[in-house]
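# Structure of the sequence below:
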Amino acid sequence: MSAYDQFTGFQTAFPVRPERLVEATGPDDVRAAVRYAAGHGLTVAVQSTGHGRGGPVEGGLLIDTRRMDDVTVDPVARTARIGAGARWGRVVAAAAPHGLAPLNGSSPGVGVVGYLLGGGLGILGRTYGWAADHVRSLDLVTADGALRHLTPGDAAFEAVLGGGHGLGVVTAVETGLVPVARLYGGSLAFDGAVVEPGRVLRAYAEWASGVPEALTSSLAALVYPDVPALPPHLRGRYVLSVRIAFTGDAADGERLVAPLRELGPALSDSLRELPYTESHTIHADPDFPHAYWGDGILLDATDGDALAEVLDLTGPKADRMAVVQLNHLGGALAAEPAAPNSVPYREAGWLVRALYPLDEAGPAPVRELHARVERALAPRTLGRAANFVFGDGERTDGLYDSATAKRLAAVKSELDPASLFGAFGKR
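Numbering: from 1, shown residues only. Predicted coordinates:
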């Protein structure tokens with residue numbers, strides 16, 4: 001076993017073989033590591049949980065931040081100061097006693113910093129916008145080994161939020177919290193062999209276009225493997241699930257979802273009022289490390305025929321497992337933030353997330369399948385979502401619009417001219 005095997009993290013498909021490893025416990029460790037790397041001609045990579053790693057870590061110096069996981073909540077200011085290695089579950093738990101919540105994503109095990117730097121599409125996104133829009137400040141170690149406290153108005157602050165990794169090592173962030181203690185949410189699942197998948201898809205897209213901003217939702221489709229580890233009602237089935245998070249009254253939530261329940265018999269229905277501390281149960285994402293490759297495609301609008309083709313390509317006829325999710329955007333996600341940042345494509349109305357578990361054949365077959373998905377969606381495609389590009393770190397095309405890319409390049413040339421931290425968008 002390699003000395004670095006334990007640092008593979010959540011993404012197990014790609015090797016972690018740095019030349020040097022630093023387990024940082026604070027900003028001083030990060031500063032020393034960056035200075036060492038610069039002095040020895042080593043590139044720098046950063047990892048806390050490993051969820052979003054874009055590919056192998058070969059050579060260079062890896063800074064592991066998992067020990068920097070302090071979380072401090074200020075209930076009066078409605079903010080949280082969060083260390084670089086903290087995960088969202090820890091922040092949710094710290095905020096909940098004060099009736100507050102962070103703008104986290106679907107999985108409590110995802111690292112806070114990587115999520116925020118990619119923009120942060122949360123389960124309450126249509127109500128409150130991108131999580132990056134709520135960041136108040138961040139601490140960044142740049143290529144010269146300096147620790148900079150960045151606030152709105154700083155070019156580097158604007159660049160790194162939405163621009164992703166590539167400018168330095170974030171050691172801590174301060175972000176706003178929202179007054180949400182409870183919500184109405186859960187999942188409504190249909191068996192694709194009982195309720196026609198195309199019907200579910202079209203009904204969902206039409207339904208979502210008329211819901212209020214207080215409701216954020218997505219549609220997921222996948223063929224579950226027929227294995228004993230899964231509940232009997234899921235094994236081997238093609239399941240389409242609508243996931244919902246509604247910040248309004250539970251009775252209003254029931255009225256809003258009524259048209260979806262009329263689509264046919266539900267395989268399962270977990271829609272209910274729940275405390276925000278149980279919000280991770282809405283998507284019930286896997287919490288065990290595994291190997292996967294994925295991409296996120298931002299669309300200006302839905303195209304029923306194209307999306308139906310995507311379901312056909314990735315459903316029961318596919319020769320490998322694929323998890324496809326259609327996220328409804330718009331609402332507050334389309335608004336300009338009070339403090340400018342680099343989250344691109346705010347005009348996007350939808351996001352198609354495609355994730356493919358990997359086997360011994362590696363990523364080549366799934367890249368071929370995904371290329372067909374891309375072709376189907378091309379007429380409506382605006383770009384790609386940095387938070388959902390997994391296992392393809394060299395592929396940065398489409399991550400930013402031209403104006404954002406130009407601005408990021410200017411900040412990069414000033415603060416990291418030797419590309420110590422690689423390119424923007426690589427994680």
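
# And the helices in the stretch 301-427 of the chain?
For the stretch 301-427 of the chain, the helices defined by DSSP state H, counting those that start in this stretch occupy 304-314, 364-377, 402-415.

# Next: the chain.
27-39, 88-95, 112-117, 125-128, 155-163, 197-208, 250-261, 304-314, 364-377, 402-415 (DSSP state H).

# tell me which strands and helices the fifth one is in contact with?
In this structure, helix 155-163 makes packing contacts with helix 112-117, strand 135-141, strand 147-150, helix 402-415, judged by 3 or more Cβ pairs under 8 Å, 6 or more residues apart in numbering; DSSP states H and E. To be clear about C-beta, it is placed using only N, CA and C from the backbone, and glycine gets the same treatment.

# likewise the second one?
Using 3+ Cβ pairs under 8 Å, 6+ apart as the contact criterion, the elements in contact with helix 88-95 are strand 71-74, strand 79-83, helix 112-117.

# So which bits of it are buried?
88-92, 94-95 (16 or more other Cβ atoms under 10 Å).

# Kindly report the same for stretch 132-148.
132-143, 145, 147.

# okay, those in CSV with pLDDT next?
As requested, the buried residues of stretch 132-148 are exported to CSV (pLDDT from 0 to 100):
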residue, pLDDT
A132, 98
D133, 98
H134, 98
V135, 98
R136, 98
S137, 98
L138, 98
D139, 98
L140, 98
V141, 98
T142, 97
A143, 97
G145, 97
L147, 98
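
# okay if I get those as JSON lines plus distance to G119?
JSON lines is the format used below for the buried residues of stretch 132-148 (distance: Cβ to Cβ, whole Å):
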{"residue": "A132", "distance to G119": "5"}
{"residue": "D133", "distance to G119": "9"}
{"residue": "H134", "distance to G119": "11"}
{"residue": "V135", "distance to G119": "11"}
{"residue": "R136", "distance to G119": "16"}
{"residue": "S137", "distance to G119": "17"}
{"residue": "L138", "distance to G119": "14"}
{"residue": "D139", "distance to G119": "19"}
{"residue": "L140", "distance to G119": "17"}
{"residue": "V141", "distance to G119": "22"}
{"residue": "T142", "distance to G119": "21"}
{"residue": "A143", "distance to G119": "23"}
{"residue": "G145", "distance to G119": "28"}
{"residue": "L147", "distance to G119": "24"}
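
# Quick check: nearest residue in space to W293, chain neighbours excluded?
G391 (4.0 Å; Cβ to Cβ, 6 or more residues apart in numbering).

# Run through who's touching stretch 64-73.
Residues outside stretch 64-73 that contact it (Cβ atoms under 8 Å, 6 or more residues apart in numbering): 7, 21-26, 30, 46-49, 79-87, 90-91, 94-95, 98, 100, 113, 169, 171-172, 177.

# show me what contacts the nearest residue to E213 once chain neighbours are set aside?
Distances taken as Cβ to Cβ, 6+ apart place G331 nearest to E213, at 3.7 Å, with adjacent residues excluded. Counting by Cβ under 8 Å, 6+ apart, G331 touches 125-127, 129, 213, 216.

# Distance of the residue lying closest to R126 once chain neighbours are set aside relative to R353?
Computed as Cβ to Cβ, 6+ apart, the closest residue to R126 that is not its neighbour in sequence is G331, at 3.3 Å. Per Cβ to Cβ, to the nearest Å, G331 is found 18 Å from R353.

# cool, and A77?
Shown here: A77 relative to R353, a distance of 33 Å by Cβ to Cβ.

# out of those two, which sits in the busier spot?
Each of A77 and R353 has its neighbours counted (other Cβ atoms under 10 Å); R353 has more, 20 against 11.

# okay, that one: pLDDT?
Per-residue pLDDT puts R353 at 98.

# Correct me if wrong: it contacts G296.
Yes. Counting by Cβ atoms under 8 Å, G296 is a contact partner of R353 at 5.0 Å.

# is F190 in a bridge, and if so with what?
L240 (DSSP bridges).

# Please list all residues in contact with it.
200, 239-241, 263-267.

# Those, buried ones only, as a ChimeraX selection?
In ChimeraX, selecting the buried portion of the contacts of F190, with burial taken from 16+ other Cβ under 10 Å, looks like this:
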select :200,239,240,241,263,266,267
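
# Quick check: of the contacts of F190, which lies closest to G120?
Relative to G120, the closest of the contacts of F190 is S241; by Cβ to Cβ it sits at 22.4 Å.

# Help me confirm that the closest one comes into contact with L188.
Yes. Assessed by Cβ under 8 Å, S241 is found in contact with L188 at 6.8 Å.

# hmm, who's touching the helix-or-strand element of the chain with minimal mean pLDDT?
In the chain, no helix or strand scores lower on mean pLDDT, DSSP states H and E than strand 57-58, which sits at a mean of 84. If you take Cβ under 8 Å, 6+ apart as the criterion, strand 57-58 is touched by 14-18, 45, 47.

# returning to that earlier point: quick one: closest of the helices of the chain to Y184.
Of all the helices of the chain, helix 250-261 sits nearest to Y184, with 3.3 Å by Cβ to Cβ.

# Show me what counts as buried in the closest one.
250, 253, 256-257, 260.

# Now do that helix and helix 197-208, the angle between them.
150 degrees (axes from the mean of the first three to the mean of the last three Cα atoms, to 10 degrees).
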